[in-house]
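S.K.: let me see the structure of the following:
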Amino acid sequence: MILDAQQLHFAYNGVDVLKKIDFRVSPGELLAILGPNGVGKTTLLKCINTIHRPRAGAILVEGTDVLRMRPNDIATRVGYVAQRSETARLTVFDAVLMGRKPHIRWRTAPRDLQIVEAAMRHLHLEGKTLRHIDQLSGGELQKVCIARALVQEPRLLLLDEPTSALDLKNQIEIMRLLRHVVSDHGIAAVMTMHDLNKALRYADTILLLKDGEIHSYVPASQVTAAMIEAVYGLAVEIHRINGYPLVAPREEPSH
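M.R.: Predicted coordinates for the structure are as follows:
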């Protein structure tokens, strides 16, 4: 088990946002957190990464509670890709190298450079080494952010809306990449998403949040139209096209 979240509870200014959150993620597993806007998806990711401190509960990464760990030690185990990344006058290489900071003691070692170069090849960024990240497209910048998280060599990867604001081709490329990285490297990943169809296609497990609590926590293949309707308040049907699930709003009868 890589991630074990136990009875997490979080509140803003005394108002409960997350209540009794329990779930686990194993090596090679990609879990998608779904739910309406404002339900606490990003807040849950930030609690796991200790950006927010839960009022109660434990967050175990390979058996160690990250709430009791130093930030630098957390960064060697947990990689975080935010929904919006600030751009700066950094080259792509330097931006990715920043992900090695938790491992660097006195100076950058040859191994650090090798890990950065390997990650950039993996994400097809090797031809953009000296480009500045404020000149990149949205898809390219997202790849840089993922590469920066991967060079931390995390056991757990957290991604907040990894395909938001990307065109269709880049969305598919990013999702295929994440699926490949998680499966091949035996790490665990937790991502928040709004796109139910991509979540059902690429994730192993789905966690549906409603009113700050877990409504459903099931393998992606077991998500039902009734679950989605209960969480989103919209009647839907789930069809299968070429073996993949497709969630579509249920057509109202014409009058």
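S.K.: any idea how far apart the tips of stretch 222-238 sit?
M.R.: 11 Å (Cα to Cα, to the nearest Å).
S.K.: hmm, who's touching that stretch?
M.R.: Applying Cβ atoms under 8 Å, 6 or more residues apart in numbering, the contact partners of stretch 222-238 are 34-36, 196, 200, 206, 208-210, 215-216, 218, 245-250. For glycine as for every other residue, the C-beta is placed from the backbone atoms N, C-alpha and C.
S.K.: distance between it and the chain's centre?
M.R.: Shown here is stretch 222-238, whose average C-alpha point lies 22 Å from the average C-alpha point of the whole chain (Cα atoms, centre = their mean, to the nearest Å).
S.K.: what subset of the contacts of stretch 222-238 is buried?
M.R.: Of all the contacts of stretch 222-238 considered here, the ones buried according to neighbour count by 16 or more other Cβ atoms under 10 Å are L34, G35, L196, L200, I206, L208, L209, K210, H215, S216, P245, V247.
S.K.: who's in contact with the second one?
M.R.: What it means is G35. Counting by Cβ under 8 Å, 6+ apart, the residues that G35 touches are K41, L208, L209, K210, H215, V231, Y232.
S.K.: I'd assumed L157 was in a helix, is it?
M.R.: No. Inclusion of L157 in a helix is not indicated when DSSP: H, G, I helix; E, B strand; the rest coil is applied; the result is strand.
S.K.: please name the nearest non-neighbouring residue to it.
M.R.: Leaving out its chain neighbours, the residue that sits closest to L157 by Cβ to Cβ, 6 or more residues apart in numbering is A189, at 4.3 Å.
S.K.: model confidence for the one you found, exactly?
M.R.: Looking at A189, its pLDDT stands at 98.
S.K.: follow-up on the earlier one: filter the contacts of G35 down to just the ones in strands.
M.R.: Counting by DSSP state E, the members of these that fall within strands are L208, L209, K210, H215.
S.K.: which SS state does the nearest residue to D160 once chain neighbours are set aside fall under?
M.R.: Once its chain neighbours are removed from consideration, D160 has its nearest residue in Q83; the separation is 4.2 Å (Cβ to Cβ, 6+ apart). Per three-state DSSP, the secondary structure class of Q83 is coil.
S.K.: okay, Q83: pLDDT?
M.R.: Reported pLDDT at Q83 in the predicted model: 80.
S.K.: what's the helix or strand for R179?
M.R.: helix 168-185 (DSSP states H and E).
S.K.: centre of the chain to that helix, how far?
M.R.: A distance of 12 Å separates the C-alpha centroid of helix 168-185 from that of its chain, computed with Cα atoms, centre = their mean.
S.K.: ok, now stretch 116-130?
M.R.: 21 Å.
S.K.: tell me how far the ends of it are from each other?
M.R.: The first and final residues of stretch 116-130 sit 13 Å from each other (Cα to Cα).
S.K.: where does the stretch 51-200 of the chain have low pLDDT?
M.R.: Across the stretch 51-200 of the chain, residues meeting the criterion (pLDDT under 70) sit at 84-87.
S.K.: sorry, back to before: need the buried ones among the contacts of stretch 222-238 in JSON lines (columns: distance to I21).
M.R.: Converted to JSON lines, the buried ones among the contacts of stretch 222-238 look like this (distance: Cβ to Cβ, whole Å):
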{"residue": "L34", "distance to I21": "14"}
{"residue": "G35", "distance to I21": "12"}
{"residue": "L196", "distance to I21": "20"}
{"residue": "L200", "distance to I21": "21"}
{"residue": "I206", "distance to I21": "15"}
{"residue": "L208", "distance to I21": "12"}
{"residue": "L209", "distance to I21": "8"}
{"residue": "K210", "distance to I21": "12"}
{"residue": "H215", "distance to I21": "12"}
{"residue": "S216", "distance to I21": "13"}
{"residue": "P245", "distance to I21": "25"}
{"residue": "V247", "distance to I21": "24"}
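S.K.: okay, who's weakest in those residues by pLDDT?
M.R.: Among those, P245 has the lowest pLDDT, at 93.
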